[in-house]
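Here is my input; please provide its structure:
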Amino acid sequence: MAKHVPFRVHFEDGHKVDVDAETAQDASKKALARHDGIIRKVKVVRESEAA
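Residues are numbered from 1 along each chain as shown. Sure, this is the predicted structure:
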């Protein structure tokens, strides 16, 4: 089992959702469950950004 990593999912309307997931694709699915919209990008949240 892979380690869960924090991702920040950016939507076209400017909304951002932070989720923990194993892959960027899983992060996209989780974010779409929370916010309906078009995903613009998915990025890994580095430790320095999370603080």
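
Please make it C-alpha for all contacts and neighbour counts, starting now.
Will do.

pLDDT value on the residue nearest to residue 9 when sequence neighbours are not counted, please?
Ranked by C-alpha to C-alpha, 6 or more residues apart in numbering and with sequence neighbours excluded, the top spatial neighbour of residue 9 is residue 42, at 4.5 Å. At residue 42, the pLDDT value in this model is 97.

what's the neighbour count on residue 17?
Number of residues near residue 17 (other C-alpha atoms under 10 Å) recorded here: 17.

Across the sheet, point out what pairs with it.
On the basis of DSSP bridges, residue 17 is bridged to residue 9.

Report the contact partners of it.
By C-alpha atoms under 8 Å, 6 or more residues apart in numbering, the residues touching residue 17 are 8, 9, 10, 31, 34, 35.

where does this protein have low pLDDT?
Applying pLDDT under 70 to the chain flags the ranges 1-2, 48-51.

which residues of it fall in helices?
Here the chain has its helices, by DSSP state H, at 24-34, 47-50.

among those helices, which is the most enclosed?
Comparing those by mean neighbour count (mean count of other C-alpha atoms under 10 Å), helix 24-34 ranks first with a mean of 16.

Show residues contacting that helix.
With C-alpha under 8 Å, 6+ apart as the test, helix 24-34 has contacts from 7, 9, 17, 18, 19, 20, 21, 39, 42, 43.

Please indicate which of those residues are buried?
Using 16 or more other C-alpha atoms under 10 Å as the burial test, the contacts of helix 24-34 include 7, 9, 17, 18, 19, 20, 21, 39, 42 as buried.

okay, those in TSV with distance to residue 27 next?
Shown next, in TSV, are the buried ones among the contacts of helix 24-34 (distance: C-alpha to C-alpha, whole Å):
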residue	distance to residue 27
7	7
9	7
17	9
18	9
19	6
20	7
21	5
39	11
42	8
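
picking that back up, how about a markdown table for the helices of the chain, with distance to residue 3 added?
A markdown table is the format used below for the helices of the chain (distance: least, C-alpha to C-alpha, whole Å):
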| stretch | distance to residue 3 |
| --- | --- |
| helix 24-34 | 12 |
| helix 47-50 | 15 |
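
Could you double-check that the residue nearest to residue 9 lies in contact with residue 8?
Yes. Using C-alpha atoms under 8 Å, residue 42 is in contact with residue 8, at 5.9 Å.
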